[in-house]
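A.B. asks: Okay, predicted coordinates and the sequence, questions at the end:
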Amino acid sequence: MANHSSSFGGRSGVRVVVAGDRSTGKSSLIAAIATESFAEAVPPVLPPTLLAPDLYPDTVPLTVVDTPSSLEKQRKRNEELKAADVVVLTYACNDTASFSRLSSYWFPELQKLEVKVPVIVVGCKLDLRDESQQVSLECVMTQLLQQFKEIVTCIECSAATQYQVPEVFYFAQKAVLHPIDPLYDHESQALKDRCVRALRRIFVLCDRDMDEALNDTELNEFQVRCFNAPLQSSEIAGVKRVVQQKVPEGFNSHGLTFPGFIYVHNMFLKKGRPETLWAVLRNFGYDNNLKLMDDFLPVPSKHAFDQSVELTGEAVEFLNGIFRLLDTDKDRALRPAEVDKLFCTAPESPWDDALYKDAAERTNMGYISLNGFLAQWVLMTLLDPPCSLANLIYIGYSGNPAAALRVTRRRAVDRKKQATEKNVFQCYVFGSKNAGKSALLDSLLGRPFSNNYTPTTVERFAANSIELIGGTRKTLVLREIPESEVSNVLSNKGYLAACDVAVFVYDSSDEHSWKKSRDLLEKVGRQGDLTGYRVPCLLIAAKDDLTPYPRAVQDSVKVTEELGIEAPIHVSMKLGDSSNVYHKIVNAAEHPHLSIPETEIGRKRKQYHRLLQHSLVFASVGTAMAFVGLAACRAYAVKKNSSG
């Protein structure tokens, strides 16, 4: 079980701000709940009042904040409203004008201040209401609820008689700890999609025999886990009877089906008991946004920028099993409907994000292959480890979450050891427009060459596994950097930290393209020397099927020799001879001490270290000679004394 604060989405207290027109009974209401009595005279504005934690069953303390009504103290009031967890908005039951001001002033004011918290509308001074001019609760409900969606509850009370005073603050606390809005759509009068998805995951976890129904034993286990009390036989029979009457498909010969499970939780909401549904959701790790709380996601932390996060073998094995389970037609590919089924227990499909939509291998029919499926998870783990771990758990990973991901060794350490243990390599792809960067990414994904050119304006990713000599496999992630974004990305000092190898693509038939790649190579090399994130670099001469620009051939060889990196790799995506280039990229990443360009900054630094080393050697020799001389003097003195 989660700790007490996490059971309420991490809350250890609730801040209730009471606002409304002058003389509507704000201060008297607060004094009445604090003292359980009515005072004839109270100060115009009370100091913040802390209510006892055990006042309500949730045992979460409430801080009640009174606000001034005067114009000169409006700024102070606005600050308090912006800091509120929930707003109690008052009107006087004996003053119809104060009720009208809710619509004409108070709600527009809250909207202007961008106060987006639950609102409890409270009619005070119920004992003073003139029955001939009453503002009824029904009137409040019909007029306000339709107009302002932030209203959770409307209630009338009297501080003088203590009538429904405790209920006001109970509803205020409940609106924060057990909010309705994430769960229920008032217009459709149904559970929201994200709530249904969370309940589907809970249902699947409780359905231990996987027969798509909860039998009596499974229902009891669910009840004990969430509410610490077993169901009586009569209670189970009662649930069955109600569900079968309202949702015939909600029960079958095996037990309570998912439609029945949904109906039961919907029923609690309609009866005004959101706390029951929240008890279930929080027990299974959900926060107020219906996502898993951080407590349930032990993501390993990177201690340095040049470390990355990878899936462990255990997580990859689980994903292989999930793929086989979903691939019901055994065509070794997942159709869109099968991918939707994969994430039907997650808040939404993470692969709808633009980063992942076009980043993995697909079949000719557009379905995702096993390679593409695994590469997509690898990419998500590399870019967003918490998202990857959360989605592993959403789709049914039941192992130790801490054993699903691992942090790699620092690349700086790999460089010193001249070896790496990584399974995933991220390669930054630089180059001018129309140099062939996108074609390099497409070819990695097995896509045919296209003559249609569309400039890349945002970073794009492609990920796939590469089989090496000996049968081992590594995942290569290509990250295309648009030419227009190079200045922005290189202004970030830590940008190269995540890069295992950088490639510079140029159109071998175009002078401008070659010069641009050469300049980019020098810039990245300098940046690596300045920041300490030095990376292996490769030049790729693309469009090798075209007549080469003569000067580029000579210059490129000269530049690579000067920088101490490998000669340019010539490829033609049009002719389909790209496979060798990916092996060379992976090879460069596997040997992080090689192919690092030697820039002017690097050469000067080496010279400085060499001079420093010589100086230290000279100094140590000089010190040694001094010691030898001193020892000789002492020996001579001893000899002279003994002969004397």
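C.D. replies: Alright, I've got the coordinates. All values derive from a computational prediction rather than experimental measurement.
A.B. asks: Please make it C-alpha for all contacts and neighbour counts, starting now.
C.D. replies: Will do.
A.B. asks: Mind checking what secondary structure T153 has?
C.D. replies: strand (DSSP: H, G, I helix; E, B strand; the rest coil).
A.B. asks: Would you enumerate the residues in contact with it?
C.D. replies: Contacts for T153 (Cα atoms under 8 Å, 6 or more residues apart in numbering) come out as 119-121, 171.
A.B. asks: can we see that at 7 Å?
C.D. replies: Under the criterion of Cα atoms under 7 Å, 6 or more residues apart in numbering, the neighbours of T153 are 120-121.
A.B. asks: L128 now?
C.D. replies: N94.
A.B. asks: change it to 8 Å
C.D. replies: Contacts of L128 by Cα under 8 Å, 6+ apart are 93-94.
A.B. asks: Ok, W377 next?
C.D. replies: S388.
A.B. asks: Am I right that it sits in a helix?
C.D. replies: Yes: with three-state DSSP as the criterion, W377 is assigned to a helix.
A.B. asks: From E590, how far off is it?
C.D. replies: Separation of W377 from E590 (Cα to Cα, to the nearest Å) stands at 21 Å.
A.B. asks: Name the residues of stretch 411-425 that are buried.
C.D. replies: 411-412, 414-415, 420, 422-425 (16 or more other Cα atoms under 10 Å).
A.B. asks: TSV please, covering those residues and showing pLDDT.
C.D. replies: Listed next are the buried residues of stretch 411-425 as TSV, based on pLDDT from 0 to 100:
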residue	pLDDT
R411	92
A412	91
D414	94
R415	92
T420	94
K422	96
N423	96
V424	97
F425	97
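A.B. asks: which residue sits closest to R410 in space, ignoring its chain neighbours?
C.D. replies: Excluding the flanking residues, the one nearest R410 by Cα to Cα, 6 or more residues apart in numbering is Q307, at 4.9 Å.
A.B. asks: and that neighbour, how far is that from R409?
C.D. replies: Distance, Q307 to R409, using Cα to Cα: 6 Å.
A.B. asks: the strands in the stretch 101-250 of the chain, which residues?
C.D. replies: 119-124, 151-156, 184-185, 190-191 (DSSP state E, counting those that start in this stretch).
A.B. asks: three-state assignment of the residue positioned nearest the centre of the chain?
C.D. replies: In the chain, the centroid-proximal residue (Cα atoms, centre = their mean) is C387; its distance is 5.0 Å. Three-state assignment for C387 (three-state DSSP): helix.
A.B. asks: Below-threshold pLDDT in this structure: ranges please.
C.D. replies: Residue ranges of the chain with pLDDT under 70: 1-10, 132-141, 601-644.
A.B. asks: coming back round to it: need the strands of the stretch 101-250 of the chain in a markdown table (columns: distance to G431).
C.D. replies: Formatted as a markdown table, the strands of the stretch 101-250 of the chain follow (distance: least, Cα to Cα, whole Å):
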| stretch | distance to G431 |
| --- | --- |
| strand 119-124 | 55 |
| strand 151-156 | 55 |
| strand 184-185 | 49 |
| strand 190-191 | 50 |
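A.B. asks: Highest mean neighbour count out of those?
C.D. replies: The highest mean neighbour count among the strands of the stretch 101-250 of the chain, using mean count of other Cα atoms under 10 Å, belongs to strand 119-124: a mean of 27.
A.B. asks: what angle separates it from strand 151-156?
C.D. replies: On the basis of axes from the mean of the first three to the mean of the last three Cα atoms, to 10 degrees, strand 119-124 is oriented at 10 degrees to strand 151-156.
A.B. asks: circling back: show me which of the buried residues of stretch 411-425 is closest to Q162.
C.D. replies: V424 (66.3 Å; Cα to Cα).
A.B. asks: Now do the SS call for the residue nearest to the closest one when sequence neighbours are not counted.
C.D. replies: Leaving aside its chain neighbours, V424 sits nearest to T475 (4.7 Å; criterion: Cα to Cα, 6+ apart). Put simply, T475 is strand when judged by three-state DSSP.
A.B. asks: Am I right that T475 is in contact with A375?
C.D. replies: Yes: the pair T475 and A375 passes the contact test of Cα atoms under 8 Å, sitting 7.0 Å apart.
A.B. asks: overlap in contacts of the two?
C.D. replies: By Cα under 8 Å, 6+ apart, the residues touching both T475 and A375 are 463-465.
A.B. asks: Is it possible to get a markdown table of those that adds neighbour count and distance to Y495?
C.D. replies: What follows is these, written out as a markdown table (neighbours: other Cα atoms under 10 Å; distance: Cα to Cα, whole Å):
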| residue | neighbour count | distance to Y495 |
| --- | --- | --- |
| A463 | 30 | 19 |
| N464 | 27 | 22 |
| S465 | 22 | 24 |
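A.B. asks: Among the residues you listed, which ones are in strands?
C.D. replies: 463-465 (DSSP state E).
A.B. asks: mind putting these in TSV, distance to L392 included?
C.D. replies: Shown next, in TSV, are those (distance: Cα to Cα, whole Å):
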residue	distance to L392
A463	19
N464	20
S465	20
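A.B. asks: which residues does D519 contact?
C.D. replies: Here D519 is in contact with no residue (Cα under 8 Å, 6+ apart).
A.B. asks: can you pull the buried residues of the helix or strand hosting it?
C.D. replies: D519 belongs to helix 511-531 when assigned by DSSP states H and E. Neighbour counts using 16+ other Cα under 10 Å place 512-518, 520-529 of helix 511-531 among the buried residues.
A.B. asks: Kindly report the same for stretch 396-410.
C.D. replies: For stretch 396-410, by 16+ other Cα under 10 Å, it's 396-397, 401, 404-410.
A.B. asks: Kindly report the same for stretch 580-600.
C.D. replies: 581-583, 585-586, 588-599.
A.B. asks: neighbours around Q189, how many?
C.D. replies: Around Q189 sit 10 other residues, with neighbours defined as other Cα atoms under 10 Å.
A.B. asks: Kindly apply the preceding question to D331 instead.
C.D. replies: 11.
A.B. asks: So it versus Y397, what's the distance?
C.D. replies: 24 Å.
A.B. asks: Repeat that for D352.
C.D. replies: Counting by Cα to Cα, the gap from D352 to Y397 is 21 Å.
A.B. asks: hmm, back to that, and whatever helix or strand comes next after the helix holding D519, what does it pack onto?
C.D. replies: Next along the chain after helix 511-531, taking DSSP H and E as the criterion, comes strand 537-542. Using 3 or more Cα pairs under 8 Å, 6 or more residues apart in numbering; DSSP states H and E as the contact test, the elements touching strand 537-542 are strand 501-507, strand 569-570.
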